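Q: Based on what follows, work out the 3D shape:
(2 chains)
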Amino acid sequence: AQSVTQLDSHVSVSEGTPVLLRCNYSSSYSPSLFWYVQHPNKGLQLLLKYTSAATLVKGINGFEAEFKKSETSFHLTKPSAHMSDAAEYFCVVTPGYGGSQGNLIFGKGTKLSVKP
Amino acid sequence: NAGVTQTPKFRVLKTGQSMTLLCAQDMNHEYMYWYRQDPGMGLRLIHYSVGEGTTAKGEVPDGYNVSRLKKQNFLLGLESAAPSQTSVYFCASRRKLATNYNEQFFGPGTRLTVL
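A: Residues are numbered from 1 along each chain as shown, chains lettered A, B, ... in the order given. Predicted coordinates:
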């Protein structure tokens, strides 16, 4: 079975400071992992995905995430926050191969606030 | 290329009324999904389809029905709406591959209020 835990429901940073959004996962299969972003009253946009090719994954808008199998973590980082990064972020897991028709298991989300 | 579209964007129902939400995708994707989003809960899968004419239950299917008569469309029906179905509904689609490494593409959502 798969599950995702986002360790913080709300993170607040100042503009220009680093961002860290934490995610731990559990998966019976070799997982596929994603980070999606949702701006207020909008749909979900893919930030980045882990597909077993490389443990450090770079995404859009300067975000990146590192897959650490030993820690079962997939934390999202950005060196310098921008006001436009204020949104809700979802960590998502699915089995990489077979099972569940690729159904996504969502974390409960982390709301990122960015102060000027 | 419109991607995934949803109709309507907003709707208010009274308890007991019925309605259908329409999802359409123009990417020729085999798989389609319906989710609901509630505050603090993330997204939860209602029903999904792996191809035309096939549907399956997700995590929270009770009170909903779906149909996939055409590959590009996936309909979500509420036969007798209840206040507990007040939520934001998202449709998504994905290509069928041997692995699950490809992402789902999401529509803009439908905000449904049941009074």
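Q: Name whatever forms a beta bridge with the residue lying closest to B:R36 once chain neighbours are set aside.
A: Once flanking residues are discounted, B:R36 sits nearest to B:S87: 4.3 Å by C-beta to C-beta, 6 or more residues apart in numbering or on different chains. The way it works is simple: take the backbone N, C-alpha and C, and place the C-beta from them, glycine included. When assigned by DSSP bridges, B:S87 has beta-bridge partners B:L112.
Q: How many residues are close by B:S87?
A: 21 (other C-beta atoms under 10 Å in any protein chain shown).
Q: pLDDT at A:G99, what is it?
A: Looking at A:G99, its pLDDT reads 52.
Q: which SS state does A:K42 fall under?
A: Under DSSP: H, G, I helix; E, B strand; the rest coil, the three-state class of A:K42 is coil.
Q: Please verify my assumption that it contacts B:P108.
A: Yes. Between A:K42 and B:P108 a contact is recorded at 7.0 Å, counting by C-beta atoms under 8 Å.
Q: Which one's more surrounded, those two?
A: For A:K42 versus B:P108, the count of surrounding residues by other C-beta under 10 Å is larger for B:P108: 16 against 13.
Q: Surely the more buried one is within a helix?
A: No. Counting by three-state DSSP, B:P108 is located in no helix; its state is coil.
Q: ok, and what's touching the helix or strand hosting B:C91?
A: With elements taken from DSSP states H and E, the one containing B:C91 is strand B:87-94. Residues outside strand B:87-94 that contact it (C-beta atoms under 8 Å, 6 or more residues apart in numbering or on different chains) are A:43-44, A:102, B:4, B:6, B:21, B:23, B:25, B:27, B:29-38, B:43, B:46, B:74, B:76, B:102-107, B:109-112.
Q: any idea how far the most centrally placed residue in chain B is from chain A?
A: Closest residue to the average C-alpha location of chain B: B:W34 at 2.6 Å, with C-alpha atoms, centre = their mean. In this view, B:W34 and chain A are 12 Å apart by C-beta to the nearest C-beta, to the nearest Å.
Q: same for the host helix or strand of B:L76, what does it pack against?
A: For B:L76, the element it lies in under DSSP H and E is strand B:73-78. Here strand B:73-78 touches strand B:19-25, strand B:31-37, strand B:43-51, strand B:65-67, strand B:87-94, going by 3 or more C-beta pairs under 8 Å, 6 or more residues apart in numbering or on different chains; DSSP states H and E.
Q: partners of the longest one in the sheet?
A: The one in question is strand B:43-51. Take DSSP bridges as the rule and strand B:43-51 pairs in its sheet with strand B:31-37 (antiparallel), strand B:54-57 (antiparallel).
Q: what's the average pLDDT for that strand?
A: Average pLDDT, strand B:43-51: 93.
Q: and what of the shortest one?
A: The average pLDDT for strand B:65-67 rounds to 97.
Q: Equivalent analysis for the first one, please.
A: Mean pLDDT, strand B:19-25: 97.
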